[in-house]
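> Dropping a prediction and its sequence here:
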Amino acid sequence: MNKKIVIVALLPIGIFIASFVSVNSNDIAQTQASAREQKIQKEVFNQIASFQQYVRDSLLFELSKDQMDGQRIRQAFSKSRLLFKKFEWASEYFTADLTKRLNGPPVPEIENADLLDPSLARDIDPMGLQVIEELIYAEHDHLKKEELIREVKHLVSNTEFLISYFRDHQFADWRILDATKLEVFRVITLGITGFDNSLSLNSIPEAAESLKSLRNVLSRYVSNKQELPLLEDLDAAIEYLHANPNFDAFDRAFFITRFGNKISTGIAQLEQGLPGRKIKYNRMLRQEVRTLFDSDAFNADAFSPGPEFHRTAAKVDLGEKLFFDAALSGTGTRSCASCHNPNLSFSDGLIKGMDIHDPAKPLTRNAPTLINVALQSNYFYDMRALTLEDQVRDVINNKHEMDGSMEAILKYVSADKSYQSLFAKAFSAKNKQGINSDQVANALASYLRSLTKLNSRFDEYMRGHEDALSKQELKGFNLFTGKAKCATCHFVPLFNGVTPPKYIASETEVLGVPAALADSTLDADLGYYGVIGIDAFKHAFKIPSIRNIHKTAPYMHNGAYWTLDQVMDFYNKGGAAGLGIALPNQTLPEKNLQLSDQEKKDIIAFMESLESK
């Protein structure tokens with residue numbers, strides 16, 4: 001409501017005029033918001049500058065000494081990371097690409113756009129704190145002084161880009177709250193799992209530092225008693241993190257349900273009460289979510305080619321009929337469901353499927369589950385398709401899989417009255433010119449997007465049903481997200497390789513999977529390298545979801561392992577390295593995880609709790 005103050009001015013000759021000066025409550029709120037935004041922006045700027053100064057004056061200073069002291073170097077490095085965590089929430093949100101130069105993964109990366117023209121692809125060399133960590137905590141007797149100094153100097157110079165950006169970048173309240181909520185999700189999915197701190201394992205104190213910074217920011221938005229519990233939950237979470245710093249022993253299930261979910265819910269409530277215009281992003285993780293585990297947290301249409309390709313009930317019905325129709329194949333003998341059986345969580349139970357023309361000839365790779373297939377940014381084990389529509393076309397045209405053609409399919413469905421009716425309902429606005437291949441692909445893709453199911457017992461537990469998981473399953477979750485480091489690739493809560501908290505890009509890993517259980521030679525499949533042609537990605541494969549894993553054996557891209565015990569043994573030993581396979585670009589940590597037999601059983605029990613209903 002607008003409030004008005006009436007000022008009466010007495011003028012000469014007995015004449016008076018009433019002058020109305022309007023003071024809009026929205027204007028007052030905007031002025032207050034502007035001052036708040038500026039203060040937060042200034043604090044972030046100062047935190048970045050302090051980080052740069054400490055790295056230069058302390059970490060670089062220690063490395064420059066004639067006699068380096070490893071302990072002092074590690075202490076300076078740990079302090080540098082804590083300083084980084086103070087402004088991570090802002091830098092990751094506003095300057096994600098620049099922040100990769102400060103704390104990106106210690107492996108080469110390429111842009112997804114390079115798939116549009118692989119001949120132009122180039123890998124981006126890793127740099128920043130995680131690279132420095134590997135050099136400082138490497139298992140050898142001497143530190144590589146020159147290499148370390150070079151990397152730390154890069155860190156100092158790259159921080160300058162952030163300083164330039166945040167010096168005069170204007171913040172907005174709605175973006176600040178969005179960024180702080182994403183940081184809570186980052187702590188839950190990456191922070192307490194050791195994703196960016198895999199060797200020093202100082203993850204729990206770093207998570208506390210992140211939340212302390214958020215508390216300082218969010219305290220500026222808490223204005224009444226109803227909002228006060230947010231700060232109380234933050235205080236309690238920080239206290240719990242400080243009291244339980246041991247990485248392996250940390251109870252992540254308790255932390256997420258007792259603190260993390262409550263904090264993100266409190267921020268979401270602040271967002272809802274914030275006046276003014278907000279920009280709506282097309283993110284897979286919906287902007288308005290309260291927790292990562294909300295039943296509708298993820299948008300299955302996010303990676304579709306555009307809004308006109310989004311699901312409708314009519315498209316899903318049509319796509320389902322097409323999915324089970326063997327007439328789509330060139331031989332009329334194979335449907336999509338032939339290799340993706342609903343009773344096997346849309347996998348086929350085979351090591352590898354068979355050539356459509358030769359039942360004795362196996363296909364190249366194992367058939368993955370299609371449950372939650374829409375919740376990823378690339379398709380096929382080698383990442384070659386960018387949309388589900390692209391995947392559909394690829395499978396239909398593949399001479400060994402379906403050996404079909406869109407031309408033949410269009411002729412078939414256009415002559416069938418049942419299909420004519422279904423296409424008319426699904427694409428009524430465009431169907432005047434007849435059925436086209438885009439509609440066929442989109443209908444099938446829409447059905448696949450409808451297979452999004454985040455309703456396992458694990459999801460129930462995270463939504464407040466404390467009896468949904470057994471004690472063994474909870475132990476398994478804590479091992480999965482902690483000591484076993486499974487969650488540094490299979491990210492909570494999707495448990496695939498799409499990196500949280502923005503869930504934009506899918507990751508690959510080089511594991512070094514053997515040719516078969518009884519053959520410890522490296523499988524010859526080059527994976528992503530065959531698409532992108534960059535050496536660092538030889539034998540790299542997309543990280544699949546482990547939801548419904550109980551029904552999707554055999555495992556790995558080549559179906560090498562029949563049981564989860566075998567899979568756990570492979571990871572526990574350190575992948576290829578543990579099998580004695582020399583693989584220089586292996587990205588899976590080579591060190592033995594030292595998991596006991598009982599711990600492996602606990603992890604398997606947890607993974608089996610991820611079965612969709």
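On my side now, so go ahead.
> CA only for contacts and neighbour counts going forward, please
OK.
> From residue 174, how far out is the most centrally placed residue in the chain?
Centrality entry for the chain: nearest residue to the mean C-alpha point is residue 499, 2.2 Å, by C-alpha atoms, centre = their mean. Remark: distance between residue 499 and residue 174 (C-alpha to C-alpha, to the nearest Å) = 23 Å.
> Would you map the strands across the protein?
Counting by DSSP state E, the chain has strands at residues 3-10, 16-23, 354-355, 358-362, 508-510, 514-516, 519-522, 540-542.
> What strands line up against the fifth one, and which way round?
For strand 508-510, the paired strands and their directions (DSSP bridges) read strand 540-542 (antiparallel).
> ok so, going back, mind checking pLDDT for the residue nearest to the centre of the chain?
Looking at residue 499, its pLDDT is 95.
> and it, backbone torsions?
In terms of degrees, to the nearest 10, the main-chain angles of residue 499 are phi -70, psi 120.
> The strands of the chain: lowest mean pLDDT?
Among these, strand 3-10 carries the lowest mean pLDDT, at a mean of 33.
> rewinding a little: so the residue nearest to the centre of the chain touches residue 493, yeah?
No: counting by C-alpha atoms under 8 Å, residue 499 sits too far from residue 493 to count as a contact (10.7 Å).
> Next one: the nearest residue to residue 222 once chain neighbours are set aside from residue 263, what distance?
In this structure, residue 222 finds its nearest non-sequential neighbour in residue 228, 6.3 Å apart by C-alpha to C-alpha, 6 or more residues apart in numbering. Distance of residue 228 to residue 263, given as C-alpha to C-alpha: 11 Å.
> Near residue 604, how many other residues are there?
Residue 604 has 22 neighbours, counted by other C-alpha atoms under 10 Å.
> which ones are touching it?
476, 564, 565 (C-alpha atoms under 8 Å, 6 or more residues apart in numbering).
> what sits against the closest residue to residue 578 other than its chain neighbours?
The shortest distance from residue 578 to any non-neighbouring residue, by C-alpha to C-alpha, 6+ apart, is to residue 590 (6.9 Å). Applying C-alpha under 8 Å, 6+ apart, we find residue 590 in contact with 573, 574, 575, 576, 577, 578.
> out of those residues, which is most surrounded?
residue 575 (27 neighbours).
> what residue ranges in this structure score low on pLDDT?
When residues are selected by pLDDT under 70, those of the chain lie in 1-33, 111-123, 139-141, 429-431.
> if we go to 90?
1-34, 66, 105-126, 138-144, 223-227, 275-283, 377, 428-434, 505, 520 (pLDDT under 90).
> longest helix of this structure?
Under DSSP state H, the helix in the chain containing the largest number of residues is helix 25-54.
> Reformat the contacts of residue 590 as a markdown table; add distance to residue 424.
Below are the contacts of residue 590 laid out as a markdown table (distance: C-alpha to C-alpha, whole Å):
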| residue | distance to residue 424 |
| --- | --- |
| 573 | 56 |
| 574 | 54 |
| 575 | 51 |
| 576 | 53 |
| 577 | 56 |
| 578 | 57 |
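> ok, of those, which one's closest to residue 452?
residue 575 (30.4 Å; C-alpha to C-alpha).
> Tell me who's in contact with that closest one.
Residue 575 sits next to 511, 512, 513, 588, 589, 590 when contact means C-alpha under 8 Å, 6+ apart.
> pretty sure the second one contacts residue 583?
Yes: with contacts defined as C-alpha under 8 Å, residue 512 counts as touching residue 583 at a distance of 6.9 Å.
> Among those two, which residue is more densely surrounded?
Applying other C-alpha under 10 Å to residue 512 and residue 583 shows that residue 512 carries more neighbours, namely 29 against 16.
> Grab the nearest non-local neighbour of the more buried one.
In space, residue 512 is closest to residue 576, 4.4 Å off (C-alpha to C-alpha, 6+ apart).
> ok, residue 281 - how many residues close by?
Residues near residue 281, counting by other C-alpha under 10 Å, number 9.
> who touches it in this structure?
Applying C-alpha under 8 Å, 6+ apart, the residues contacting residue 281 are residue 287.
> Quick check: it vs residue 83, distance?
From residue 281 to residue 83 the distance is 29 Å (C-alpha to C-alpha).
> what are the ranges of the helices in the stretch 351-500 of the chain?
388-397, 406-414, 417-426, 437-449, 457-462, 471-480 (DSSP state H, counting those that start in this stretch).
> deepest of those, which one?
Mean neighbour count (mean count of other C-alpha atoms under 10 Å) peaks for helix 437-449 among those, with a mean of 24.
> rewinding a little: okay, and the common contacts of residue 512 and residue 583?
576, 577.
> circling back to that earlier point, of the contacts of residue 590, closest to residue 342?
Set against residue 342, the nearest of those by C-alpha to C-alpha is residue 575 (31.0 Å).
> quick one on the thing from earlier: for residue 364, state which of the contacts of residue 590 is nearest.
Nearest to residue 364, judged by C-alpha to C-alpha, of the contacts of residue 590 is residue 576 at 20.5 Å.
> show me the contacts for the closest residue to residue 128 other than its chain neighbours.
Among residues not flanking residue 128 along the chain, residue 102 sits closest, at 4.2 Å (C-alpha to C-alpha, 6+ apart). Contacts for residue 102 were tallied using C-alpha under 8 Å, 6+ apart; they are 127, 128, 129, 155, 158, 159.
> Switch those residues over to JSON lines; also include neighbour count and distance to residue 410.
Listed next are these as JSON lines, based on neighbours: other C-alpha atoms under 10 Å; distance: C-alpha to C-alpha, whole Å:
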{"residue": "127", "neighbour count": "22", "distance to residue 410": "50"}
{"residue": "128", "neighbour count": "23", "distance to residue 410": "52"}
{"residue": "129", "neighbour count": "26", "distance to residue 410": "54"}
{"residue": "155", "neighbour count": "21", "distance to residue 410": "56"}
{"residue": "158", "neighbour count": "19", "distance to residue 410": "54"}
{"residue": "159", "neighbour count": "23", "distance to residue 410": "55"}
